[in-house]
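K.L.:
dropping a prediction and its sequence here:
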Amino acid sequence: MPNKSIYFSGLMNYFEETGKVTLFAIRFFKEAFKPPYEWKELIRQCYLIGYQSLVLVAITGFIMGLVLDLQTRPTMIEFGAESYMPSMIGISIVREIGPVITALICAGKIGSGIGAELGSMRVTEQIDAMEVSGTNPFKFLVVTRIWATTLMLPILVIMADAVGLFGSWIVENLKGDVTFALFFNQVFNNIEFGDLIPSTIKSFFFGFAIGLIGCYKGYYTSKGTAGVGAAANTAVVVASLLLFVFDLIAVLITDIFYEI
Amino acid sequence: MNQQDKIREELALIENWDPAIPLIEIEDMRKAFGDHEVLKGFNLKLFDKENLVIVGKSGSGKSVLLKCIVQLESMDSGMLKVLGQDIAELDHEKLDRIRANVGFLFQGSALYDSMTVRENLQFPLRRHPERRRGDEESSLILDALKSVGLVDAIDLMPSELSGGMKRRIALARTLILRPKIILYDEPTSGLDPITSKEIIELILEIQQEYGTASLIITHDMDCARVISNRMIILVNGINYAEGTYHELLNSKDSNIRAFFKGA
Ligand SMILES: Nc1ncnc2c1ncn2[C@@H]1O[C@H](COP(=O)(O)OP(=O)(O)OP(=O)(O)O)[C@@H](O)[C@H]1O
Ligand SMILES: [Mg+2]
């Protein structure tokens, strides 16, 4: 029965990998709060990760806003609910589409970048060189990157939300003569703390997941340049999957707190 | 006695090392990956100011041996003393202080490619301020670059350097902490014969200038002939034979002769 054993070993691999990622995360929390702190490298990483993704996230956010408005407008008009457009758009962007799209884009850009960078550092023995020169490579490379993605992602999400709303307003303005003030008044009247806080907390977790998986895959790259490609690749796949899992959990928890 | 004094005392002890005591002492070292036994009872003694060359075929476990010495890999069993300390038993802080005395030149240079040459050389100093010995950081960096003849490269990125230049910068980065011992993992691998020769000469010069002991791994017999005071031949995971280059050259053993073909 060859098939059975293949499934079995696949399952075992899955559990083993999950266990290793969990240990990696535990190690992060252990080392993250213990001096010496690598402030300079943290700030550099925040700058790199935030700045490099800025334009990409802005463009995607803008298009997302445009498309969302264009697609939903006809249906809303059909129901005679055109005046609800701004609040509907605002809620969907802030609650769900902004964080998820931004996180997916960042998983592709940042996650793969971290995976490839740490992977090639592992393969070319740069991580070993750090270790013997007295700098803890886990602190210097991993802790700083996970912090940086965790801190930067919410900022990128807020920016994507803003640009996305602006994109929607342009469509509303061209097609329905809605003024800037009217549009954003409606948006902010309908967005509550109950929308902003969960989606911001969610974004922190998304950032954490992207950093964690990218670093894990890169840090444990096995020998060879082929390993670097595989690290970058699986970093994106696994991080994206994890994002949706976190998203589901976040939505379920929010549901318990706010919808009763 | 406070921490600062303790560190200073340790440094002084190492600088005035008793030549009769080995700097590195390995007895019966064993290391396996799964059921693939790589080292099966290896022995070695490295003395002060000595150039000890280890030759062995590709995959015979030479890099693994060096990595065990600095605890990048942990051995399965055996005794390993570096500068008189049982290195497997040390806590992280003490291990780092021992490591600062042991330079490591990696097989592929291992320069940090997101940093300039200057930042590469600064890197080991950040966690070992005591090893500046009161000198300015910038003058230490210049001295190290002068020793390898590449002062002009200070603001370049590693990607802008040739293979030979990378090896020199890596050597300068190793020298910056003024280590007592330098471990060279195939210092001439991947370099053309002329550059190899330059690197070999450089290693000898540096040894003169800094008075270090060296453990050099290679399968380049030219390199072994020029550099070595003493050689160990690593076959089947043990120190198969020991002696000077000329003693081994005249050996009748076929395992040893295999290394000297063409030499
Ligand atoms: N991390 C590891 N996991 C599994 N096996 C390993 C590991 N590191 C080394 N080995 C195995 O140990 C053996 C010795 O490897 P090592 O890198 O020490 O060889 P080497 O003597 O340095 O060879 P070369 O001259 O090609 O550099 C090899 O067979 C290698 O496959
Ligand atoms: Mg090797």
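P.N.:
Yes, it's here. What you see is a predicted model; the values in this text were computed from it and never measured. Ligands and ions are numbered 1, 2, ... in the order given.

K.L.:
now the end-to-end length of stretch B:240-252.
P.N.:
One end of stretch B:240-252 to the other measures 14 Å (CA to CA, to the nearest Å).

K.L.:
please read the previous query as pertaining to stretch B:15-32.
P.N.:
First-to-last residue span, stretch B:15-32, CA to CA: 35 Å.

K.L.:
hmm, who's touching it?
P.N.:
B:37-49, B:61, B:64-65, B:68-69, B:73, B:75-84, B:180-181, B:213, B:215 (CB atoms under 8 Å, 6 or more residues apart in numbering or on different chains). All C-beta atoms are positioned from the backbone trio N, CA, C, and that covers glycine.

K.L.:
is ligand 1 within reach of that stretch?
P.N.:
No: if you take CB under 6 Å from any ligand atom as the test, stretch B:15-32 misses ligand 1, and the best it gets is 8.3 Å.

K.L.:
list the buried residues for that stretch?
P.N.:
B:Trp17, B:Pro22, B:Leu23, B:Ile24, B:Glu25, B:Ile26, B:Met29, B:Arg30, B:Lys31 (16 or more other CB atoms under 10 Å in any protein chain shown).

K.L.:
residue 132: what's it in contact with?
P.N.:
This is for chain A. Contact partners of A:Val132, counting by CB under 8 Å, 6+ apart, are B:Val70, B:Leu72, B:Arg99, B:Val102, B:Phe104.

K.L.:
right idea, wrong chain: chain B
P.N.:
B:Leu125, B:Leu140.

K.L.:
if we can go back for a sec, ok, which of the contacts of stretch B:15-32 also contact chain A?
P.N.:
Filtering the contacts of stretch B:15-32 for proximity to chain A by CB under 8 Å from any CB of the partner chain leaves nothing.

K.L.:
now restrict the residues you listed to buried residues only.
P.N.:
Counted by 16+ other CB under 10 Å, the contacts of stretch B:15-32 give B:38-39, B:42, B:44-48, B:61, B:64-65, B:68-69, B:73, B:75, B:78, B:80-84, B:180-181, B:213, B:215 as buried.

K.L.:
narrow those to those in helices?
P.N.:
B:Val64, B:Leu65, B:Cys68, B:Ile69 (DSSP state H).

K.L.:
excluding covalently adjacent residues, which one is nearest to the first one?
P.N.:
By that I understand B:Val64. B:Val38 (5.3 Å; CB to CB, 6 or more residues apart in numbering or on different chains).

K.L.:
which pLDDT value goes with the one you found?
P.N.:
Looking at B:Val38, its pLDDT reads 95.

K.L.:
could you do A:Ile260 as well?
P.N.:
Confidence for A:Ile260, expressed as pLDDT, is 49.

K.L.:
please apply the same query to A:Val236.
P.N.:
A:Val236 is given a pLDDT of 94.

K.L.:
how about the helix or strand harbouring it and ligand 1, touching?
P.N.:
A:Val236 belongs to helix A:225-258 when assigned by DSSP states H and E. No: using CB under 6 Å from any ligand atom, helix A:225-258 stays clear of ligand 1, with a minimum separation of 12.1 Å.

K.L.:
got the phi/psi numbers for the residue positioned nearest the centre of chain B?
P.N.:
For chain B, the residue sitting closest to the mean C-alpha position, by CA atoms, centre = their mean, is B:Leu183 at 0.7 Å. With angles defined as degrees, to the nearest 10, B:Leu183 sits at phi -100, psi 120.

K.L.:
for beta bridges, what are the partners of it?
P.N.:
B:Phe104, B:Leu215 (DSSP bridges).

K.L.:
residue contacts, it?
P.N.:
Counting by CB under 8 Å, 6+ apart, B:Leu183 has contacts B:Leu66, B:Ile69, B:Val70, B:Val102, B:Gly103, B:Phe104, B:Leu105, B:Ser214, B:Leu215, B:Ile217.

K.L.:
returning to what we had before: what residues sit buried inside the helix holding A:Val236?
P.N.:
In helix A:225-258, counting by 16+ other CB under 10 Å, buried: A:227-232, A:234-236, A:238-240, A:242-243, A:246-247, A:250, A:254.

K.L.:
ditto for stretch B:232-248
P.N.:
Across stretch B:232-248, burial judged by 16+ other CB under 10 Å covers B:232-235, B:237-243, B:245, B:248.

K.L.:
what sits up against that stretch?
P.N.:
B:37-44, B:52-57, B:60-62, B:65, B:224-225, B:228-231, B:251, B:253, B:255-256, B:259-260.

K.L.:
kindly check the end-to-end length of it for me.
P.N.:
9 Å.

K.L.:
now it, how far from the centre of its chain.
P.N.:
Here stretch B:232-248 shows a centroid-to-chain-centroid distance of 18 Å under the convention CA atoms, centre = their mean, to the nearest Å.
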